[in-house]
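Chemist: just to be clear, the model below is a prediction. Sequence and coordinates:
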Amino acid sequence: MTRDRKLNRLLLGRRILVCGKGGSGKSTLVALMTAILQRKSYQVVVLDGDASNPEGLIRLLFGVGVEGEPKPLVEFFGGVNVVTCPVDDPSPLTRIDDERPVPEHRIDLHREISPEYYLRKGNTTLLQVGKIQTYGQGCDGPLEKVVRDFMIEGEALNLIDMKAGVEHFGRKIPDRRDIILGVLDYTLESVSIAKRMAEFCREAGIENFWLVLNKIGSEEVKSLLMEKLGHLKEKVIGSIAYDQKLIETGLSGNALGECRASTEVENIVNRLEQVVCSPGR
Ligand SMILES: Nc1ncnc2c1ncn2[C@@H]1O[C@H](COP(=O)(O)OP(=O)(O)OP(=O)(O)O)[C@@H](O)[C@H]1O
Ligand SMILES: [Mg+2]
């Protein structure tokens, strides 16, 4: 594959939220997309926004050998006792020593955030909002507020691995400037969730809502899914075949390298570069 230096300006400085049903393949898609985006010379900031899955995305990106987890990003903002749930308190996230809202006064990733908060590989930086650590810790709202407001300066493309389901829409985490990528596996639940996400995006004025079909074992499955999606089939920007190798690599704890799905994911990234539009156009 050739190294493509012509970047789509509309993707730079934007956030792609990878959403969908539990187990549909969100983290897998994030890891595979990261590799493609890196090859295309994007600066990629990957944010693990899932409070439940310990180390899942780290392993997919860096493999089991990686030393230590990055410090939870929520601690940069004062920890879960300082950061509030966005439903209880919609006010924007602020730094602990600065009252200006982070979404407006963006963070200089390398000057402000110390390396203990991230892992780096080439032009990719991985951060994680934080994980549920203790019994009775409370709701993950504070962690989602970090997902909502964490914005860095510059032209990096932010790829966010969201937690399963649609609760983040209920909390107004996705913003009209975001690009929402919904992942569907071969189930009716995935279709229902995609339809609900489409409705939430419409309500929120989010124009960039696209779908990826994953774990597609046959043309029959694909056409059934497309039929069930109805008019939403226009939103499908690509599909990834069912691939036993992805399961084996994931189970072994190795990083996802070049695989059959890479070509399909490269097509998805290329398609995304074509379809994405500027917000509020
Ligand atoms: N195209 C595929 N073919 C076969 N297996 C796949 C494919 N994509 C993902 N998987 C497998 O499905 C399982 C779930 O994938 P993954 O963890 O990426 O999903 P997820 O949506 O992030 O899950 P969660 O909701 O728990 O965060 C893993 O075992 C993964 O290897
Ligand atoms: Mg996941």
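Modeler: That came through, no problem. Ligands and ions are numbered 1, 2, ... in the order given.

Chemist: now do the SS call for the residue of the chain most remote from its centre.
Modeler: The C-alpha centroid of the chain is most remote from Glu220, which lies 28.7 Å away (Cα atoms, centre = their mean). Classification of Glu220 using DSSP: H, G, I helix; E, B strand; the rest coil returns helix.

Chemist: residue boundaries of the strands in the protein?
Modeler: 15-20, 44-48, 94-95, 98-101, 119-121, 124-128, 157-161, 179-184, 209-216, 236-241 (DSSP state E).

Chemist: what's the mean pLDDT across the shortest one?
Modeler: Along strand 94-95, the predicted local confidence has a mean pLDDT of 94.

Chemist: and that strand, how far out from the chain's middle?
Modeler: With Cα atoms, centre = their mean, to the nearest Å as the basis, strand 94-95 stands 22 Å off its chain's centre.

Chemist: same question for the fifth one.
Modeler: Strand 119-121 has its average C-alpha position 17 Å from the chain's average C-alpha position, going by Cα atoms, centre = their mean.

Chemist: relative to it, what are the paired strands and their orientations?
Modeler: Sheet pairing here is set by DSSP bridges, and for strand 119-121 it gives strand 124-128 (antiparallel).

Chemist: got the angle for the strand it pairs with vs strand 44-48?
Modeler: Angle of strand 124-128 versus strand 44-48, following axes from the mean of the first three to the mean of the last three Cα atoms, to 10 degrees, is 20 degrees.

Chemist: how far off centre is strand 124-128?
Modeler: 11 Å.

Chemist: same check, this time on stretch 107-124
Modeler: The chain centroid and the centroid of stretch 107-124 are separated by 17 Å under Cα atoms, centre = their mean.

Chemist: pull out the buried residues from it.
Modeler: If you call a residue buried by 16 or more other Cβ atoms under 10 Å, then stretch 107-124 has these buried ones: 107, 109, 113, 117-119, 121, 124. No exception for glycine: its C-beta is placed from N, CA and C like everyone else's.

Chemist: and which of those residues is nearest to Ala194?
Modeler: Within the buried residues of stretch 107-124, proximity to Ala194 (Cβ to Cβ) peaks at Thr124, which comes in at 27.8 Å.

Chemist: quick one on the thing from earlier: and the two most separated of the buried residues of stretch 107-124?
Modeler: The widest separation within those (Cβ to Cβ) is 20.4 Å, between Ile107 and Lys121.

Chemist: related to what we said a few turns ago, so which of the buried residues of stretch 107-124 would you say is closest to ligand 1?
Modeler: Thr124 (17.3 Å; Cβ to the nearest ligand atom).

Chemist: thought Thr34 was touching that closest one, still the case?
Modeler: Yes. Taking contacts as Cβ atoms under 8 Å, Thr124 lies within contact range of Thr34: 5.6 Å.

Chemist: overlap of the contact sets of those two?
Modeler: 44, 46, 61 (Cβ atoms under 8 Å, 6 or more residues apart in numbering).

Chemist: and the first one, what is it in contact with?
Modeler: Same thing as Val44. 34, 37-38, 123-125, 156-157, 159.

Chemist: highest neighbour count among the residues you listed?
Modeler: Thr34 (27 neighbours; other Cβ atoms under 10 Å).

Chemist: dump the residue contacts of that one.
Modeler: If you count contacts by Cβ under 8 Å, 6+ apart, then Thr34 has 44, 46, 61, 124, 159 around it.

Chemist: now the helices: where do they sit in the chain?
Modeler: Assigned helices in the chain, in chain order: 26-39, 56-62, 73-76, 109-112, 141-149, 167-170, 188-204, 219-229, 244-252, 260-275 (criterion: DSSP state H).

Chemist: from the chain's centroid, how far away is the last one?
Modeler: Using Cα atoms, centre = their mean, we find the averaged C-alpha position of helix 260-275 to lie 15 Å away from the chain's own average C-alpha position.

Chemist: got the buried residues for it?
Modeler: Those would be 261-262, 264-266, 268-269, 272-273, for helix 260-275 by 16+ other Cβ under 10 Å.

Chemist: could you do the second one as well?
Modeler: Buried residues in helix 56-62, counted by 16+ other Cβ under 10 Å: 56-62.

Chemist: and that helix, what does it pack against?
Modeler: Contact here means 3 or more Cβ pairs under 8 Å, 6 or more residues apart in numbering; DSSP states H and E; on that basis helix 56-62 packs against helix 26-39, strand 44-48, strand 119-121, strand 124-128.
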